[in-house]
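Colleague: need a 3D model of the sequence below.
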Amino acid sequence: MKPLKYYIPNTITCLNLLSGAIAIIIALRPELAPGWITPSHFAFLLIGLAAVFDFCDGFAARLLKAYSDMGKELDSLSDLVSFGLAPAMLVFNLMVAETTHSWLPWTALLLAVFGGLRLAKFNVDTRQTTSFIGLPIPSNAIFWIGFLAWAEVHGYPGDWAMLILVCLFSWLMVSEIPMFSLKFKTWGFKENVRRYVILLAAVLFVITDGLAGFAWTIILYLLISLLGKRYNPDNGADAC
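Modeller: As a prediction, the model looks like this:
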């Protein structure tokens, strides 16, 4: 048998998967959410917890030098559930509750389909060994958490706006847009300046706009990537 340390990263990855699966259950059966929090916010919390586990499994693998091909595949499968299907179900619920067009909510499943395509592309694309091409699937989930929280406060933005956003973020995940990784491999400022800017912006956005601030954070992440003077691959990409 392998040493115990080789099982730690995969165990953390399974917690990512479990969190996403529970978020989907809550989206389908909101009455199962605990009474101290609204069902939607409980699902947001679970997806956020999955993102924490997604960060920690890669960190643990690097720290313990416990890399494996199985871990890479398990990470992708877990990310599809937690950051593709789970937010798609929440977007589906919003559309079902608000639209008069019976076909429209089903378009939310594009987020899961293109999330799967994004992960499959990442796993075979040798250009993405240290940075990203296309929007990472966890960033997609973080945007939708923020956007759905914004919609709870400001109201449903309309059918066309929802359709455009679903199609836009589905496309962004498989696009050829170079994007930097948000995961830290070292803590130096010079090599992580963009990451520190995003972290500071996220804190300020959340303080001023609550959970909706996560959506503004991902929009800023996209803008920094699009407006960058050149594609500068950096370290830290795991599986997104």
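
Colleague: alpha carbons only for contacts and neighbour counts from here, please
Modeller: Will do.

Colleague: chain center to whichever strand or helix holds residue 51: distance?
Modeller: Secondary structure assigned from DSSP states H and E places residue 51 in helix 39-64. Remark: helix 39-64 is offset 10 Å from the chain centroid, using C-alpha atoms, centre = their mean, to the nearest Å.

Colleague: what mean pLDDT does it get?
Modeller: pLDDT averaged over helix 39-64 equals 92, rounded to a whole number.

Colleague: got it, and stretch 85-95?
Modeller: Mean predicted confidence for stretch 85-95 is 98.

Colleague: check contacts around residue 34.
Modeller: Contact criterion C-alpha atoms under 8 Å, 6 or more residues apart in numbering gives residue 42 as the residues in contact with residue 34.

Colleague: go again with 6 Å.
Modeller: For residue 34, no residue meets the contact criterion (C-alpha atoms under 6 Å, 6 or more residues apart in numbering).

Colleague: so it: helix, strand or coil?
Modeller: Reduced to three states with DSSP: H, G, I helix; E, B strand; the rest coil, the structure at residue 34 is coil.

Colleague: downstream neighbour of the lowest-mean-pLDDT helix or strand in the chain in the secondary structure list?
Modeller: Least confident helix or strand of the chain, by mean pLDDT, DSSP states H and E, is strand 132-133 with a mean of 88. Beyond strand 132-133 on the C-terminal side, the first helix or strand identified by DSSP H and E is helix 137-154.

Colleague: list the buried residues in that next one.
Modeller: For helix 137-154, the neighbour count (16 or more other C-alpha atoms under 10 Å) marks 137-150 as buried.

Colleague: do the same with stretch 71-90
Modeller: By neighbour count with 16+ other C-alpha under 10 Å, stretch 71-90 contains the buried residues 71-72, 74-90.

Colleague: in the protein, where is pLDDT below threshold?
Modeller: Low-confidence regions of the chain, defined here as pLDDT under 70, cover residues 1-2, 129-130, 184-186, 229-240.

Colleague: what residue lies at the spatial centre of it?
Modeller: Centroid-nearest residue in the chain, with C-alpha atoms, centre = their mean: residue 138, separated by 1.6 Å.
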